[in-house]
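Peer 1: Pasting the sequence and the predicted coordinates here, then a few questions.
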Amino acid sequence: MEKFDKLTSVAAPLPLINVDTDMIIPARFLKTIKRTGLGSDLFSTLRFNEDGSDREDFVLNKPAYKDAEILVAGDNFGCGSSREHAPWALMDYGIKCVIAPSFADIFFNNSSKNGMLLIKLPQEQVDKLMQDADQGANSTFTVDLEAQEITGPDGEVIKFEVDAFKKHCLLNGLDDIGLTMQKDQKINDYEERQKAAQPW
Amino acid sequence: MSEAKTLYDKLWDSHIVDQQDDGTCLIYIDRHLVHEVTSPQAFEGMRNDGRSVRRPELTLAVADHNVPTTDRSIRIEDDESRIQIEALEKNCADFGLELYSMNDIRQGICHVVGPEQGFTLPGTTLVCGDSHTATHGAFGSMSFGIGTSEVEHVLATQTLLLTKCRNMRVTVNGALPAGVTAKDLILAVIGKIGTAGGTGAAIEFCGEAFTSLSMEGRMTVCNMTIEGGARVGLIAPDETTFEFLKGRPKSPKAGAWEAAVEFWKTLKTDDGAVFEEEVVMEASDIKPQVTWGTSPEDVTTIDGNVPNPADEPDENRRNKMERSLEYMGLDAGMAMKDIKINTTFIGSCTNSRLEDMRAAAEVAKGRKVADGVQALVVPGSGLIKEQAEQEGLDKIFIEAGFEWREAGCSMCLAMNADKLKPGERAASTSNRNFEGRQGPGGRTHLVSPAMAAAAAIAGHLTDVNDLD
C-alpha cells in the first residue's frame, strides 16, 4: 500500500450530496481483473458527454483542477456498492484525499486500505473549504496526516480526527494481511474453541 | 449478573479473536461468498504473495453479476464479461474453492444461493464483496459487504479487522395492510431514516411487521439495509427461520440440528439492552411505495405526487432534488400514476425469490403486457427457476408477454447485456435507482414485484388494485 504523509495540491470542489459509487465508477467499467487503469473512467457520466468529449461544466475538466489531488465533497460521499473500484478509480486518476461531512462505511474502509485519506469534518468547516476550493488555481491546500491538520489557501489551519490505527497504517503504508498473519496462533485458538462449541 | 446485550453485541462478542488497544477487533469470519467482479484482484494479490486460502471449505463462489440471462449454451459475446467468469473458474480451481458456475443448476445471485443452500446460518459472520450481503442478516447472521482488499484478507486469514458499529433498532408495530409487501416496508423505512441514516450502525428490525414476514420477505428487508446506510441489518431467528433452513444441503444434519436450534434460540436481544438510536413506525401508516428520484430515499406512495424542490428548505437537498428530477425527466407535482414506463425488471437479490415470482405471476395471470413495454423476469437462482416452472409460473409470464430468463444479477446493475438505453424508464424490483445504474441515462423507479408486474401491464406506474 502507498504511504500517505503530507500532500500539497489544488483542491477540487464537488458540492454534491450522496455521491454514490455508481457515479464514481459505473458498473460497466468493473469488468477489469486489474486494479489499475480505472482513472480514465472516473466520474464517467459527470465528466463526459455521450460522444466521449469532456463536459466543460465538470470540475475536473476545468484547467485549474485537472491535476487536483484533493476533492472537497458533500455529505454521504461513496454511498452504495462495496466496489473497491471506486477508490481505485480515484487513486488511479490522482485523487489522494477526499474531504466531506460524512462518508459511507464500506467506501471509507476500502479507501484507507488503498492509501487514500478521507477526512470527515463538520458541515460548516466543509462549507468554508468548499468556498476556498472554488478559487480555482489559487485553492492550494496542504494536508498533513502526522499533525492532523489542513492548511487552507488563506493560511487558516483546520484540525481533523483520524483513527489511530488507520493513521499508523497510512503513514507507514502497512498491509493488514501481514499484520493479521502475525496473530495466527490466536486464530488457531479461536477455531479450536468454535469447533468444540458449535460442531455443526 | 451479565450486562444485557443486543443481538448484534452477541454476534460481535462471540467472534472476537483479538482486541487491539484502540478497540479495533480481529473478527472471525465463518462464511464467505465470492463472485466474479470483486474477487479477481484479491486472488491476484494472493498469488503475488504466495498465499493460500486458510479454510477453503468456508468460501462458496458463484458467477452472478456478469452472466447472460439468455441462452447459456452460447459463448458470452462480451469479452470482458467472459474473461471475468473464466478467471473465477480458474481461481476457484487453483485455490480449491467450491464454485457454482454458469451451467450449474445451483447457480444464481450469491445472496439468493447462500440461504437456499443452507450456507447462511444464524449466529455466523458472513461476508461478501458486495454491499447487499446485508441480506443474510435476515437469519440473524452478522453479514456485511466488504471491498476487494478485505476479500483477500478473509481468504488469507479467515478474519477481518473491524471497528464495532453502534446499535440501532427500527421497530414497526402492527400488521402490514393488505397489498403492502416487504419491499414497501423497507422503502418506507429508508424514506424515513434517509440513505445515510444508518451510517456506522447495525440495525435490528423488530416488531410484528418484520416477524410476520416469510424468510423471503425478511431477506428483502435486510437486503436494502445498506440503502439506509447501514452495513448490517438483523432480524432475530425464530421458528420461521428454522423451518426455512431445515433439510437444506449445507444446514446442520440430524443430530447436530437440535443442538444448533437450541443455540440459535438464544440469538435475540436481551430485555433492557440499550440501542443508541431507536426508530418506531406504525405498519398501518405504510402504503405501497415507489421512488421518484435517484436515491432510494427519494420515495413516495403510489397515490402520491412528484415532490416540488421549491418546498425543500435545505439548499444541498434542493439542488439534489432538482438534479434528480432533471435526470428522471419528471415535473414537480405530477401524479406518480401518470408516469409512463417502457421497461419492467423483476429480479435482483432484493426480489427474485419464489415468493416474488409468485406475487408477480398472480398479477400477470390472464393479462397482457402493454404495447411498447419490455418486461423481464429473472429468477434468483437456477433452482428457483426450476421450481417456478414446476408451478407453471413461466407459462403465465410468457402468455402475458413477459420474458422468462436465466438466473443472475441482470438489469439490476447492467453489467451483462440486460440494460436500459438512455432515456428509457423502468419499474424495477431492484435496490438502487442511482443515475446510470441500470444503463447509462436509464431511469429507475423502485417498486415491489406485484407493482412492477402491474406497471408492465398498465404501461405506467400504478396501484395493483387499480388494474382491470
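Peer 2: Great, that's in hand.
Peer 1: From now on I want contacts and neighbour counts done on CA atoms only, so please keep to that.
Peer 2: Will do.
Peer 1: which residues does the residue in the stretch 201-350 of chain B that chain A sits nearest to contact?
Peer 2: Closest approach of the stretch 201-350 of chain B to chain A (Cα to the nearest Cα) occurs at B:Pro252, with a separation of 5.4 Å. Each residue near B:Pro252 by Cα atoms under 8 Å, 6 or more residues apart in numbering or on different chains is listed here: A:200, B:260.
Peer 1: Could you report the separation of B:Leu97 from chain A?
Peer 2: For B:Leu97, the distance to chain A equals 19 Å [Cα to the nearest Cα, to the nearest Å].
Peer 1: Check B:Thr181 too.
Peer 2: From B:Thr181 over to chain A the distance is 23 Å, taken as Cα to the nearest Cα.
Peer 1: partner strands of the top strand by length along chain A, parallel or antiparallel?
Peer 2: Longest strand in chain A, counting residues (DSSP state E): strand A:6-14. Paired strands of strand A:6-14, with direction, are strand A:70-73 (parallel), strand A:140-144 (antiparallel) (DSSP bridges).
Peer 1: A:Leu170 belongs to a helix?
Peer 2: Yes: A:Leu170: assigned to a helix according to DSSP: H, G, I helix; E, B strand; the rest coil.
Peer 1: re earlier: check which residues of the longest strand of chain A are buried.
Peer 2: If you call a residue buried by 16 or more other Cα atoms under 10 Å in any protein chain shown, then strand A:6-14 has these buried ones: A:7, A:9-14.
Peer 1: quick one, helices of chain A?
Peer 2: Secondary structure of chain A by DSSP state H: the helices cover A:21-24, A:44-47, A:85-93, A:105-112, A:123-133, A:164-172, A:176-181, A:184-197.
Peer 1: can you list the buried residues of strand A:6-14 in JSON lines and add pLDDT?
Peer 2: Below are the buried residues of strand A:6-14 laid out as JSON lines (pLDDT from 0 to 100):
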{"residue": "A:Leu7", "pLDDT": "98"}
{"residue": "A:Ser9", "pLDDT": "98"}
{"residue": "A:Val10", "pLDDT": "97"}
{"residue": "A:Ala11", "pLDDT": "98"}
{"residue": "A:Ala12", "pLDDT": "98"}
{"residue": "A:Pro13", "pLDDT": "98"}
{"residue": "A:Leu14", "pLDDT": "98"}
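Peer 1: ranges for the helices of the stretch 201-350 of chain B?
Peer 2: All helices of the stretch 201-350 of chain B, identified by DSSP state H, counting those that start in this stretch, fall at B:208-211, B:215-223, B:239-245, B:256-264, B:315-328.
Peer 1: For chain A, see how far away B:Asp466 is.
Peer 2: 33 Å.
Peer 1: measure that residue to B:His460 for me?
Peer 2: To B:His460, B:Asp466 is 12 Å away according to Cα to Cα, to the nearest Å.
Peer 1: Would you mind telling me which of those two has more residues around it?
Peer 2: When B:Asp466 and B:His460 are compared for neighbours, B:His460 comes out ahead with 23 against 8, by other Cα atoms under 10 Å in any protein chain shown.
Peer 1: list the contacts for that one?
Peer 2: Contact analysis of B:His460 by Cα under 8 Å, 6+ apart lists B:337-341.
Peer 1: Contact residues of the stretch 351-468 of chain B facing chain A?
Peer 2: Counting by Cα under 8 Å from any Cα of the partner chain, the positions of the stretch 351-468 of chain B adjacent to chain A are B:413-415, B:434-437, B:440.
Peer 1: and these as CSV, adding secondary structure?
Peer 2: Formatted as CSV, these follow (three-state DSSP):
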residue, secondary structure
B:Leu413, coil
B:Ala414, coil
B:Met415, coil
B:Phe434, coil
B:Glu435, coil
B:Gly436, coil
B:Arg437, coil
B:Pro440, coil
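Peer 1: export those to CSV and tack on pLDDT and neighbour count?
Peer 2: Putting these into CSV (pLDDT from 0 to 100; neighbours: other Cα atoms under 10 Å in any protein chain shown) gives the following:
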residue, pLDDT, neighbour count
B:Leu413, 95, 26
B:Ala414, 94, 21
B:Met415, 93, 26
B:Phe434, 97, 25
B:Glu435, 96, 23
B:Gly436, 95, 26
B:Arg437, 96, 27
B:Pro440, 94, 21
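Peer 1: Among those, which one sits closest to chain A?
Peer 2: Taking Cα to the nearest Cα as the measure, chain A sits nearest to B:Met415 out of these, at 5.3 Å.
Peer 1: Thank you kindly, that will do.
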